[in-house]
Structure formats: C-alpha cells, structure tokens
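# Next comes the sequence, and after it the predicted model I'd like to discuss.
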Number of protein chains: 2
Amino acid sequence: MLRIEGPEWLDDLPRPALGPGAADEDRMAWVLDVLDRQVAERTGGPFAAAVFGGPDGAVLGVGVNRVEPTATCVAHAEVLALAEATQRVGRYSLAGTGAVLVTSTEPCAMCLGALVWGGVGRVVCAAADADARAIGFDEGDKPADWVAALGRRGIEVVHDVHRDRAVAAMRRYVDQGGTVYNG
Amino acid sequence: MLRIEGPEWLDDLPRPALGPGAADEDRMAWVLDVLDRQVAERTGGPFAAAVFGGPDGAVLGVGVNRVEPTATCVAHAEVLALAEATQRVGRYSLAGTGAVLVTSTEPCAMCLGALVWGGVGRVVCAAADADARAIGFDEGDKPADWVAALGRRGIEVVHDVHRDRAVAAMRRYVDQGGTVYNG
C-alpha cells in the first residue's frame, strides 16, 4: 500500500465550478492560485496541476509537488492529479471523456508518460521546460519531439498560458531558499 | 492525499535477505516469484518490480501492477517499488547509494522517468518492450535510445535476465482472460 500525504491545505481547498466549456486561461488561473499557495506554504516544489473533466467540467484531481516533504520520488503534481482523477471516476483511464490536464510547467519525462496512461485528451501548460531548467530543475529525457508524439496519440498540447505568472512563482520559491532537487 | 491499496498478499510477503552482492539472477528470481503470485491471485497486470539497496542489499521497495484493481493510472509496479523505497530510506532520491531496480519488463515511458527521479544506479530487466507489445500492452513514447540516455546519467541497464520466465507469466495472464488495458 502506498500513501502520499497532504498538504492539508490542499485536501481542504474548495474546488471551482468553471463549467465544461471553461477557457484554458480560467482553469490555469485556478491552478496558479494553487501554486501560489504551495509556494507561500512551503509544502513542496513549485509545481501544481489539475485534471478537469466530466459532464460539468469539474476538477477531477489536483496535485502539488510533494517529492521532498514526503520523501517520495514520484510525487509530482501531475502524477497526483492524474491518480486522483482516475480514482474519482473509478476507471484506470479517462480516455474518450475529453479530460484536460492543466499544469504549471510542461510535464517531465515521467509525467509525460503518466498523462498518456491517464487518458487525457489535452494538456495545457504555463511555464516551459526551459523555465524549469533555468532555475535548476531537471525535466528528464523526453522523446525529441514529445509534442508531436502526443499528437500522434490524439493529445493536443497548448503552451504559454499565463507562463509569466508560473515563472514568477518558481522564482519566488528559489528566492525564499526552496530546494532545487535533482538539479 | 493519495492511497494505492494492496494487494494484501504482497503487504504480508516475507522479503528475502540476499545480501549486497547478490546476483542479478537471484534478485530477479524473487521478483518473478512475486509476479507468478500476482498472476495466480489475479490482483492486477502481469508486472512486478523491486528496488534492492542499502548496506545489506535489502528489498527497499516492491510493487506489482495495480492499475485496473485500484483505478489508478500511475500504479505501475516500478512506480510503487520506487515510491516505497524512497519513503523507507526517508529521502526523495537513492542517488549515490548503489540501489538497483529489478523489473519483470523493461520500463514504460512513465517508469523510465520515475527510475531516474528515484536515483537508482542500475536497472535489471527480464522481458523486453517487444514482449509486452506482443501481447498488446503499450510501453509509451520513450526516447529513441533510452538505454544510451540512461547511460549518460550513469545508469546501467541489464537485459534478458530470466526473460523467458517473465514472458511465460505474461502469457498465462492473457490466457486466463486478464485485461490488456491501454492496448
């Protein structure tokens, strides 16, 4: 049995009802609210993600990076959001449901695999790989053209949605002495 | 908070004391004992993995595929074994400790990322990607030469250790009507 704890503030956080046709910008704005809180609370690395889907466009899963606080190498925001989403729906994949992964930074090598297994049809990103690398985080070894590889699976990728705001949160994390692990 | 349950038989399974210099074959034989039990108990997909390390070469983490029974897209054997291992050691990465990931099939795209974050120095595989694909499992989009990419990070990959035995277990899984998901 695997357990990955908290943070408590996220477990208790109200989830927005944005509707099934909500704009990427509005969904990302909420994910970046979560990221701002994560940095302010110092509860892990500067990354947040959520899966939106279902008939009402609800938040099916949300996660923040919990790698260092829980000593769990796989506890990335996207992994936690995708796992919660499939558990909530009660099926191991969301394929065919139009679910969307909204993430504060383009997915690392691991999370890129995870989102395919989670069956999301679209990925919306704020910061780019290069932004994470610029502050010392490693994104791992992704396929040379990972966007095209997702495209061949019918998964669309949207870049640079509120990118500056995500980068600012990462910089705040570094400036306040947050650990840049795997760097 | 994320929970991924069981299986109960694995939670209760005694772990071998093989010693720090144990042969790959002996470590893999135990992982394939776990895989045989997984297939016999019908508690998930036909994959098992363990992380060996520490001064006494102990099993730091062990996992079997729990994707379908727990409706968790990320519940691959390697992810669960790596997460348990870093939690047990109390540090988010095993880098520099000489930890070894022993897995019944070459890692999928997600698990390939996860093992780098877990900080293992060596990966020992039984079945190949092609064996998993031959029965309909998808391994995801890995970098074109993923073995060389791991090599550049100082991670060695060993192939074909008791490969036939792992393939036989996968075939038993299919023959008894096990779900080939993401296929």
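Everything's here; your move. Numbers count the residues shown, from 1 in each chain, chains lettered A, B, ... in the order given.
# Run through the bridge partners of the most centrally placed residue in chain A.
In chain A, the centroid-proximal residue (C-alpha atoms, centre = their mean) is residue A:49; its distance is 2.4 Å. Here residue A:49 sits in beta bridges with residue A:63, residue A:103, as judged by DSSP bridges.
# Next, work out how far apart it and residue B:38 are.
Counting by C-beta to C-beta, to the nearest Å, the gap between residue A:49 and residue B:38 amounts to 30 Å. From N, CA and C alone the C-beta is placed, and that goes for glycine too.
# CA atoms of stretch A:77-88 as CSV?
In CSV, the C-alpha atoms belonging to stretch A:77-88 read as follows (Å, rounded to 0.1, in the frame of the first residue of the first chain):
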residue,chain,number,x,y,z
ALA,A,77,1.9,17.4,-9.2
GLU,A,78,0.7,15.8,-12.5
VAL,A,79,1.1,12.2,-11.1
LEU,A,80,-1.0,13.1,-8.1
ALA,A,81,-3.7,14.9,-10.1
LEU,A,82,-4.0,12.1,-12.7
ALA,A,83,-4.1,9.4,-10.0
GLU,A,84,-6.9,11.3,-8.1
ALA,A,85,-8.8,11.8,-11.3
THR,A,86,-8.9,8.2,-12.4
GLN,A,87,-9.7,7.0,-8.8
ARG,A,88,-12.5,9.5,-8.6
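# That stretch and chain B, any residue contact?
Yes - against chain B, stretch A:77-88 shows contacts by C-beta under 8 Å from any C-beta of the partner chain at A:79-80, A:82-84, A:86-87.
# again, but for stretch A:141-157
Yes - on the criterion C-beta under 8 Å from any C-beta, stretch A:141-157 is in touch with chain B at A:141-144, A:146, A:149-150, A:153.
# Without its sequence neighbours, what residue ends up closest to residue A:11?
Closest residue to residue A:11 in three dimensions, ignoring its sequence neighbours and counting by C-beta to C-beta, 6 or more residues apart in numbering or on different chains: residue B:1, at 6.1 Å.
# what's the distance between that neighbour and residue A:83?
Going from residue B:1 to residue A:83 by C-beta to C-beta gives 11 Å.
# Which one of those two is surrounded by more residues?
Legend: neighbour count by other C-beta atoms under 10 Å in any protein chain shown for residue B:1 and residue A:83, higher for residue A:83 (28 against 14).
# now the more buried one: how far from residue B:164?
For residue A:83 relative to residue B:164 (C-beta to C-beta), the value is 33 Å.
# same thing with residue A:174?
For residue A:174, the distance to residue B:164 - C-beta to C-beta - is 50 Å.
# who has more neighbours, these two?
Of the pair residue A:174 and residue B:164, residue A:174 is the one with more neighbours under other C-beta under 10 Å, namely 16 against 11.
# If you drop the residues flanking it in sequence, what lies closest to that one?
Residue A:174 sits nearest to residue A:135 (C-beta to C-beta, 6+ apart), 5.2 Å away.
# In JSON lines: the residues of stretch A:77-88 next to chain B, plus pLDDT and secondary structure.
Below are the residues of stretch A:77-88 next to chain B laid out as JSON lines (pLDDT from 0 to 100; DSSP: H, G, I helix; E, B strand; the rest coil):
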{"residue": "A:79", "pLDDT": "98", "secondary structure": "helix"}
{"residue": "A:80", "pLDDT": "98", "secondary structure": "helix"}
{"residue": "A:82", "pLDDT": "98", "secondary structure": "helix"}
{"residue": "A:83", "pLDDT": "98", "secondary structure": "helix"}
{"residue": "A:84", "pLDDT": "98", "secondary structure": "helix"}
{"residue": "A:86", "pLDDT": "98", "secondary structure": "helix"}
{"residue": "A:87", "pLDDT": "98", "secondary structure": "helix"}
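# Which strands or helices does the helix or strand containing residue A:39 pack on?
Secondary structure from DSSP states H and E places residue A:39 in helix A:24-41. For helix A:24-41, the contact count by 3 or more C-beta pairs under 8 Å, 6 or more residues apart in numbering or on different chains; DSSP states H and E identifies helix A:8-11, strand A:48-53, strand A:58-64, strand A:100-105, strand A:122-127, helix A:163-175 as packing neighbours.
# roughly how far is that helix from the heart of the chain?
Relative to the centre of its chain, helix A:24-41 is centred 10 Å away, using C-alpha atoms, centre = their mean, to the nearest Å.
# for the record, mean pLDDT for it?
Summarised as a single mean, pLDDT over helix A:24-41 is 98.
# Sort out which residues of that helix are buried, please.
A:24, A:27-32, A:34-39 (16 or more other C-beta atoms under 10 Å in any protein chain shown).
# Where does pLDDT dip in chain A?
For chain A, the stretches with pLDDT under 70 are A:182-183.
# can you do 80?
Counting by pLDDT under 80, the ranges of chain A that qualify are A:181-183.
# So which elements touch the host helix or strand of residue A:149?
Taking DSSP H and E as the definition, residue A:149 sits inside helix A:146-152. Where contact means 3+ C-beta pairs under 8 Å, 6+ apart, helix A:146-152 is packed against helix A:109-118, strand A:156-158.
# Tabulate the CA atom coordinates of it in CSV.
Presented in CSV, the C-alpha positions along helix A:146-152 are these (Å, rounded to 0.1, in the frame of the first residue of the first chain):
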residue,chain,number,x,y,z
TRP,A,146,7.3,15.0,-27.4
VAL,A,147,4.5,17.3,-28.6
ALA,A,148,4.4,15.5,-31.9
ALA,A,149,4.4,12.2,-30.2
LEU,A,150,1.4,13.2,-28.1
GLY,A,151,-0.2,14.5,-31.3
ARG,A,152,0.1,11.1,-32.9
